[in-house]
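Undergrad: all I have is the shape, not the residue letters:
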């Protein structure tokens, strides 16, 4: 029983890291002043998009591969 449970846990631990999402994170700021821009829309193709927080910070999930910015 312990051996079977060990193999099940081992298989689950090896599968789930491959399913983990990666994140595109950043800050939107004014080009001249450098001040963060709160509540700005951030979108890239193939994603739903997001809005920056009060500090201009955003985080978008994406799949690894080529991303053109």
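TA: Perfect, thanks for sending it. Since the structure is predicted, the reported quantities are computational estimates derived from the model, not experimental observations. Residues are numbered from 1 along each chain as shown.
Undergrad: please make it C-alpha for all contacts and neighbour counts, starting now.
TA: OK.
Undergrad: least trustworthy helix or strand in this protein by mean pLDDT?
TA: Every helix and strand in the chain was compared by mean pLDDT, DSSP states H and E; the lowest is helix 2-19, with a mean of 56.
Undergrad: hmm, residue 58 and residue 23 touching each other?
TA: No - between residue 23 and residue 58 there is no contact under CA atoms under 8 Å: 9.8 Å.
Undergrad: which one's more surrounded, the two?
TA: More crowded of residue 23 and residue 58, by other CA atoms under 10 Å: residue 58, with 22 against 13.
Undergrad: spatially nearest residue to that one, not counting backbone neighbours?
TA: residue 52 (4.7 Å; CA to CA, 6 or more residues apart in numbering).
Undergrad: what's the neighbour count on the one you found?
TA: 19.
Undergrad: if I pick it, what's in contact with it?
TA: Residues near residue 52 by CA atoms under 8 Å, 6 or more residues apart in numbering: 27, 28, 37, 38, 39, 40, 41, 42, 58.
Undergrad: redo the residues you listed as a markdown table? Include pLDDT, distance to residue 48 and secondary structure.
TA: As requested, the contacts of residue 52 are exported to a markdown table (pLDDT from 0 to 100; distance: CA to CA, whole Å; DSSP: H, G, I helix; E, B strand; the rest coil):
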| residue | pLDDT | distance to residue 48 | secondary structure |
| --- | --- | --- | --- |
| 27 | 94 | 18 | strand |
| 28 | 93 | 17 | coil |
| 37 | 93 | 20 | coil |
| 38 | 95 | 19 | coil |
| 39 | 94 | 16 | coil |
| 40 | 94 | 14 | coil |
| 41 | 93 | 11 | strand |
| 42 | 90 | 9 | strand |
| 58 | 93 | 13 | strand |
